[in-house]
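Visitor: starting from these lines, generate the structure:
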Amino acid sequence: MRFGDRVVRAAVWLAIPALVIASVWVPVIQHYQVPDPPPLTAEVIAQARSTPSEALLEDLRGERLLLLGLDGSEVVGAAEDLLRGRLRLIGQPPVPFHLSFSADDLAAGTAVTRLYVAGLAPADLLLRAYESTRDERFFSAARAWLTGFARYEQKALRPRGLLWNDHAAANRVFVLSDFWRVYRGRPDFDVRTARAVLTLAGRSGELLAVPHQFTFATNHGVMQNIGLLRFGLAFPTLPRSEFYRRLALERLEDQLAYYVSESGVVLEHSAGYQPFGVALLDLAFRYAGLLDLAVPQPWKEKLARAERFMAQLPRPDGTLPMYGDTGPSAGWERYLPGRPRPLGMRPVESVTWDPVAGYAIWWDGLESWPEARRIRQTVVTFSYFPGHAHKHADELSVLLWAGGQTWWTDVGYWPFDRPERDQATSWNGSSAPHLADESAESRRTPRALFHGSSPDAVVVDVAREGPGGYRVRRQVVHLKPDVWLVIDAVTGAPGRVSVTRWTAGPGVLVQTGRTDGVFVLSTEKSRARLFAGYFGSSGTAVRLLPKTLGPFIGYRTEAGQAGQRDASAVELTQPGDDSWAAAAWLFDGNGTAEPVVAPAMKVWHGPEEWRALLPGAGGSALEITRNGNRVSFASTLGASETVVLEGADASAQREKIIRAFRRTAEEYPRTPLRIRYREWVTYTLVGVLLVQEGFLLAIARRGRGLAGRLRPLALPLWALGGVLMALVLGW
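Guide: Numbers count the residues shown, from 1 in each chain. Next up is the predicted model:
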C-alpha cells in the first residue's frame, strides 16, 4: 500500500475517535458563540463619530465596573510598566504583558488579574495615562493592544482565561466607550481600527444580551444590564442598541423582585455587597434617566431603603462586619465606586431588625459618633436565600465590634481561586452552630422567632432547621452597652455533635482566664478587654484552639491580596440532641474591671424558661431571666429592665422572594459548562486513543492481519461511547 493511501486510511480510521473527542467541546463553543453584528458600513461609522454628543460621553467618562484603584501618578507608573512588558494591578502580583496582545495575557496571574485583563484593564490604564500626560506612546499602545484583543475575541472558539466572563464583558463596554470618545475625533482616525473597536463593542453587547448567558441570580446580571444601558448611551447608532435598552430594564424588573428585599437589603449575604448593590442600582437608574427611560417610583423607593440599610453597616473607621464575602479592609470606596462615604455619615437606627432578609444590627453609643471607644456594634445574621450569591455557611452567626476593635468575627472574603476558599465559606469560617462535618450546602431553613427591645436592652431569638431533624435555636441577649449572652438550644440529632467556633478578630489575643471556660481577649492597641465565658449542659466542652489550627487558616489581611493572618478561636461542642450551651461576654473599655462572678445557668427548663447569672458592668452581678415572651434583667446594683418579645414569622415574605427567583430561573435556564471536567474527559479520551493505537501497532507488527480485523470493531465502540457520553453527561 502506498504511503498516501495509508495516510488517507489512517485519517478515516481516526475520524470517529476525533469527532467523539471534539464533541466534548461543542456545547462550550455553542454556548459562547454570538452572531457578529451586521457589517459596519462607512455611514454607520460616520454616525458613531458624531452621536452621541461629546458632552454625554464626557459625562460618562471614567465610570467602571472594574475599578483600578489608582490615582493619576500611579496610573502613569502602571502604564509605564505596561510599556516595559509588565502588568501591575493593586493587590496582585505583577505578570508579563504583551503590547501587541497575546492570548497568554488572558491566562496570566490570579483570577482577579485575569478578570481585569478580560475587562480591558490594560487598555484602560494606557488610555488614562494618555489623557493625563498626552504622551502618544500610551495611546498608540492602547490602540494596538485593543485591536489585537478585538481580532482574537472575534475568532476564538473557546474562552481563554475569563475572556467571556459576564463582569468582564460588561466592563468592556465602559472602556470601549471611553476609548471611542478619545479616538473618534483624532486626526489619525482610521476606519479599520474604528471597525475593530465598534465590532468588539457590538459583540460585547450581544454577549451581555443572549438569554443563556444572563447571570440572573447575582449582581453580575445587574452589571450585564448596566452594560447594555451603557451601550445604548455610548453607541446609540449601532445595530440593536434600542433593543438592548429595553431588554436591560425588562430584566432589571425581574431581578429587583429578589435581588433587593422590600426593606432595602441586597440579598447577597454580604455586608460588602450592600453598598456595591446600591452603587449598581444608582448607576442603572442614572443611565436609564439619560436614555429617557422611565424608572418606576417603587424602584426608586427601594433604592432609598437600600441606602438606609447600607448606613447601618459601616463602623466609624469604615470597616464592615465580615459576614459572607466581605473583606477586612476599611474599603468603603471599594464597594461604592465613585460614591465616597459622606463625612459625618452615621447609622440611622440603633436597632435594626429584618426578619425577612435575616439580619439584626444593634448600635450603642451613636450619640458619641464617631468616637469609636464609646461605640458598639452587634450583628446577628441568619440570612439564607438558596441560589443567591456570596453565601457562606453562617446562619445564626454573631459578630461583635466594640471600642474600635473587632472582637468576634467571621472569616469573610476569600479569593475564589485559592484552595482554601471552600474552607473559608464553610461552617468553621463562622460563629454559627452546626453539626460536625456538616456540608456548607446542607439543606436547611433559617427562621425568625422573636425580637424585642427597650431603651437599655435588646433580644433576638432565631433558629435554623436542618439538615434532617437537626434544629438550633439561638438567642442573643444584649444589656447595653457592655453585656451579651448567647444561648444555643440544640435538638434533633442524637448521637451527633454540634459545634460552634468563635473566631477572634485581627490583632486580638485570646488567653485562658482564672476559671474553666473563661477567656480574656485583649489587643496591643488599647487597654480594652473582653471577658468571654462559655458554659453548657452535660456533654458540653470548650477549648482554645491554637493558632496553628485556627478556625481553619485565619483571614485575609486585605481583600483580594495575597497573604493572611492567623486567628485565635474558641471551640464549643455540645450533644446534638436536647442540649444547651451559652456564651457570656463583658466588655471592659478601660482595662480595669474584673468579673465578680463566673457565668452560670441557674435554671433551665427549655429555651423559653431559664435563668442565667452573669458578670455585669461596674463590678456587679447580673441575673437574666426568660419566662415565655418576657426577658428580665436584675443587677446587684439595683437596676432592672424587662423586654417583651414579639413573634416574627416572615415565612410568607421569604417565600415570595424565593418564588420570584425561581420564576426567573425558569425563564433563563443555565447549563453548567464544567470546563475543568471537560478538560479531564478530553485528556482521558486522548489517552485511551493512544493506548488503542499502541496496542494495534504492536499486534500489526506480529503480522497475520489481526490488527486489521480488530480496528473496525473499535469504531462502533467509539461511536457508542460518544452517544452514551452525550446522554449521561447531558452534553
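
Visitor: give me the distance between the two termini of stretch 290-299.
Guide: Distance across stretch 290-299, first residue to last, is 16 Å (CA to CA, to the nearest Å).

Visitor: which other residues reach it?
Guide: Residues from elsewhere that reach stretch 290-299, judged by CB atoms under 8 Å, 6 or more residues apart in numbering: 56, 59, 229, 232-233, 245, 249, 252-253, 256, 281, 285, 288-289. Using the backbone N, CA and C atoms, a C-beta is placed for each residue, glycine as well.

Visitor: which helix runs longest in the protein?
Guide: helix 675-702 (DSSP state H).

Visitor: which helices and strands sit right next to it?
Guide: Helices and strands touching helix 675-702, as assessed by 3 or more CB pairs under 8 Å, 6 or more residues apart in numbering; DSSP states H and E, comprise helix 3-23, helix 706-729.

Visitor: now it: buried residues?
Guide: Arg678, Val681, Leu685, Leu689, Gln692, Glu693, Leu696, Ile699 (16 or more other CB atoms under 10 Å).

Visitor: what of stretch 33-44?
Guide: Val34, Pro37, Leu40, Val44.

Visitor: let me see the residues that make contact with that stretch.
Guide: By CB under 8 Å, 6+ apart, the residues outside stretch 33-44 that reach it are 154, 157, 191, 194-195, 198-199, 202-203, 205-207, 210, 237-240.

Visitor: at 6 Å what do you get?
Guide: Stretch 33-44 has contacts (CB atoms under 6 Å, 6 or more residues apart in numbering) with Arg195, Leu198, Gly202, Glu206, Leu207, Val210, Pro239.

Visitor: quick one: mean pLDDT over it.
Guide: Averaging pLDDT along stretch 33-44 gives 85.

Visitor: now do stretch 493-500
Guide: Stretch 493-500 shows a mean pLDDT of 97 in the predicted model.

Visitor: check the separation of the first and last residues in that stretch.
Guide: Stretch 493-500: ends 15 Å apart by CA to CA.

Visitor: what does that stretch contact?
Guide: Pro433, His434, Leu435, Ala436, Tyr470, Val490, Leu572, Thr573, Gln574, Gly576, Asp577.

Visitor: so of those, which ones are in strands?
Guide: Among these, the members falling in strands (DSSP state E) are His434, Leu435, Val490, Leu572, Thr573, Gln574.

Visitor: the fifth one: neighbour count?
Guide: Thr573 has 19 neighbouring residues, counting by other CB atoms under 10 Å.

Visitor: ok, now Arg61?
Guide: Arg61 has 13 nearby residues by other CB under 10 Å.

Visitor: what's the answer for Asn590, then?
Guide: 11.

Visitor: cool, Pro236 as well?
Guide: Applying other CB under 10 Å, I find that Pro236 has 16 neighbouring residues.

Visitor: residues contacting it?
Guide: With contact taken as CB under 6 Å, 6+ apart, Pro236 is in contact with Thr51, Pro52.

Visitor: surely it forms part of a strand?
Guide: No. Using DSSP: H, G, I helix; E, B strand; the rest coil, the assignment for Pro236 is coil, not a strand.

Visitor: quick check: Tyr534 touching Ala583?
Guide: Yes. Using CB atoms under 6 Å, Tyr534 is in contact with Ala583, at 5.3 Å.

Visitor: and for the two, which residues touch both?
Guide: Between them, Tyr534 and Ala583 share no contacting residue, judged by CB under 6 Å, 6+ apart.

Visitor: how much space separates Gly606 from Asp649?
Guide: Between Gly606 and Asp649 the distance is 20 Å, computed by CB to CB, to the nearest Å.

Visitor: can you pull out the low-pLDDT segments for the stretch 551-700 of the chain?
Guide: 551-567 (pLDDT under 70).

Visitor: show me where it has helices.
Guide: 651-667, 675-702 (DSSP state H, counting those that start in this stretch).

Visitor: the stretch 101-250 of the chain too?
Guide: Secondary structure of the stretch 101-250 of the chain by DSSP H, counting those that start in this stretch: the helices cover 104-107, 111-118, 121-133, 136-155, 166-183, 191-209, 219-234, 241-259.

Visitor: and the angle for the fourth one with helix 111-118?
Guide: It refers to helix 136-155. Counting by axes from the mean of the first three to the mean of the last three CA atoms, to 10 degrees, helix 136-155 lies at 100 degrees to helix 111-118.

Visitor: contacting residues around helix 136-155?
Guide: By CB under 6 Å, 6+ apart, the list of residues contacting helix 136-155 reads 79, 99-101, 122-123, 126-127, 129-130, 193, 196, 200.

Visitor: repeat the analysis, applying 8 Å as the threshold.
Guide: So helix 136-155 is contacted by 36, 79, 82-83, 98-101, 103, 120, 122-123, 126-127, 129-130, 163, 176, 179, 182-183, 193, 196-197, 199-200, 203 (CB under 8 Å, 6+ apart).

Visitor: check which residues of that helix are buried.
Guide: 138-139, 141-150, 152-153.

Visitor: then the third one?
Guide: Along helix 121-133, the positions that meet the burial threshold by neighbour count (16+ other CB under 10 Å) are Ala121, Pro122, Ala123, Asp124, Leu125, Leu126, Leu127, Arg128, Ala129, Tyr130, Glu131.

Visitor: do you know how far the second one is from Leu690?
Guide: Counting by CB to CB, the gap between Pro122 and Leu690 amounts to 39 Å.

Visitor: what's the end-to-end length of stretch 436-447?
Guide: Stretch 436-447: ends 21 Å apart by CA to CA.

Visitor: tell me the buried residues in it?
Guide: By neighbour count with 16+ other CB under 10 Å, stretch 436-447 contains the buried residues Glu438, Ala440, Arg444, Pro446, Arg447.

Visitor: OK, contacts around the residue nearest to the fourth one when sequence neighbours are not counted?
Guide: Read it as Pro446. Nearest-residue entry for Pro446: Phe382, 4.2 Å, with adjacent residues in sequence omitted and distances by CB to CB, 6 or more residues apart in numbering. Contacts for Phe382 (CB under 8 Å, 6+ apart) come out as Gly358, Tyr359, Glu395, Leu396, Pro446, Arg447, Ala448, Val462, Arg464.

Visitor: same check, this time on Asp482
Guide: Per CB under 8 Å, 6+ apart, neighbours of Asp482: Arg376, Ala402, Leu586, Phe587, Asp588, Gly589, Ala617.

Visitor: for the closest residue to the fifth one other than its chain neighbours, give its distance to Gln377.
Guide: Meaning Asp588. Leaving aside its sequence neighbours, Asp588 sits nearest to Arg529 (CB to CB, 6+ apart; 4.7 Å). Separation of Arg529 from Gln377 (CB to CB): 18 Å.

Visitor: next, Leu509: phi, psi?
Guide: Main-chain dihedrals, Leu509, degrees, to the nearest 10: phi -100, psi 130.

Visitor: ok, now the one 10 residues further on?
Guide: The phi/psi pair for Phe519 (degrees, to the nearest 10) reads phi -130, psi 150.

Visitor: surely it touches Leu545?
Guide: No. Using CB atoms under 8 Å, Phe519 is not in contact with Leu545, being 11.3 Å away.

Visitor: overlap of the contact sets of these two?
Guide: Common contact partners of Phe519 and Leu545 (CB under 8 Å, 6+ apart): Val570.

Visitor: just to revisit the earlier point, tabulate the contacts of stretch 290-299 (CSV), appending pLDDT, distance to Asp71 and neighbour count.
Guide: Listed next are these as CSV, based on pLDDT from 0 to 100; distance: CB to CB, whole Å; neighbours: other CB atoms under 10 Å:
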residue, pLDDT, distance to Asp71, neighbour count
Leu56, 97, 26, 15
Asp59, 94, 21, 14
Leu229, 98, 28, 25
Gly232, 98, 31, 27
Leu233, 98, 26, 21
Arg245, 96, 34, 22
Leu249, 97, 35, 19
Leu252, 98, 33, 23
Glu253, 97, 38, 12
Leu256, 98, 35, 18
Leu281, 96, 27, 26
Phe285, 97, 28, 19
Ala288, 98, 31, 22
Gly289, 96, 29, 11
